[in-house]
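Enquirer: mind folding the following:
(one chain, ligands or ions: 2)
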Amino acid sequence: MSEIEIRCNCGELCGVVRNASPRRINRGTCYCDDCQAFARHLAHDDQVLDEYGGTEILQFSSGQLEFTSGVENLACLQLTEGALRRWYASCCKTPIANTLGKSWVPFVGLLRASIDRTMTAAQLDQIAGLNRLRVHTKYALKDSEQLAASGPGSLSMLLGLLRLLGGGWLRGEHKRSPFFANGAPVTTAHVLSAEELAQAQQVSAS
Ligand SMILES: [Zn+2]
Ligand SMILES: [Zn+2]
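Expert: Ligands and ions are numbered 1, 2, ... in the order given. Next comes the predicted model:
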């Protein structure tokens, strides 16, 4: 068991994932257009998205995550009303994590891009396990069939998540989340306007 340090680009918002181990982390890459739009809206697509438009995500139980400084910089947006809550650091717009709208689903999808960069890829592999899962590959910017064949997909991701959630519930971790207090989100989400969304969905021709 080890820890993974979280740090936004400017260093204002820091946090830690405790009890990190391959058994307690579900690691994969999501190619969906919503994850792409999130990164583009914050102008961090260069940092977040791989060459196929994929966002690497580490899923784990919300009770494992704690913000250790600068939590006043924690901000939230939703691409549309009622959609996934997407959290970021308002200080420098670093995307941090995704959660559902309800606190009783004790799950966090942490973006790899929010992990302190002093951690090497090899260290992360050891602590979080290898990144094998590929989900929503049909939205990939290229070679989607090749990607789909390159690793287990949505079903494995879901099964892994259910396993984590089950463990989290047993440990009472749904009662602890840095994103919710008394069942309500710690900050109101900015819902993108139709214009903002259309802009975020635009794939730059490169
Ligand atoms: Zn920052
Ligand atoms: Zn996605």
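Enquirer: lowest-pLDDT helix or strand in this protein?
Expert: helix 154-170 (a mean of 80; mean pLDDT, DSSP states H and E).
Enquirer: now for it, which elements pack on it?
Expert: Applying 3 or more C-beta pairs under 8 Å, 6 or more residues apart in numbering; DSSP states H and E, one finds that helix 154-170 contacts strand 26-30, strand 55-61, strand 107-111, strand 133-135. Where you see a C-beta, it was placed from the backbone N, CA and C, and this is true even at glycine.
Enquirer: mind checking if that helix is in reach of ligand 2?
Expert: No: using C-beta under 5 Å from the ion, helix 154-170 stays clear of ligand 2, with a minimum separation of 10.4 Å.
Enquirer: now the helix or strand following that helix: mean pLDDT?
Expert: Later in the chain than helix 154-170, the nearest helix or strand by DSSP states H and E is strand 180-181. Averaging pLDDT along strand 180-181 yields 90.
Enquirer: what comes into contact with strand 180-181?
Expert: Residues from elsewhere that reach strand 180-181, judged by C-beta atoms under 8 Å, 6 or more residues apart in numbering: 62, 99, 103, 186.
Enquirer: quick one: low-confidence ranges for this protein?
Expert: The chain contains residues with pLDDT under 70 at 1, 173-174, 205-206.
Enquirer: do a quick rundown of the helices in it.
Expert: Here the chain has its helices, by DSSP state H, at 33-41, 45-48, 121-128, 144-149, 154-170, 194-200.
Enquirer: export the first one as CSV, just CAs?
Expert: The one in question is helix 33-41. Extracted in CSV, the C-alpha atoms of helix 33-41 (Å, rounded to 0.1, in the frame of the first residue of the first chain):
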residue,chain,number,x,y,z
ASP,A,33,-16.1,12.7,-26.6
ASP,A,34,-17.2,14.1,-23.2
CYS,A,35,-13.8,13.5,-21.6
GLN,A,36,-12.2,15.1,-24.7
ALA,A,37,-14.5,18.1,-24.3
PHE,A,38,-13.6,18.5,-20.6
ALA,A,39,-9.9,18.7,-21.4
ARG,A,40,-10.5,21.1,-24.4
HIS,A,41,-12.8,23.4,-22.4
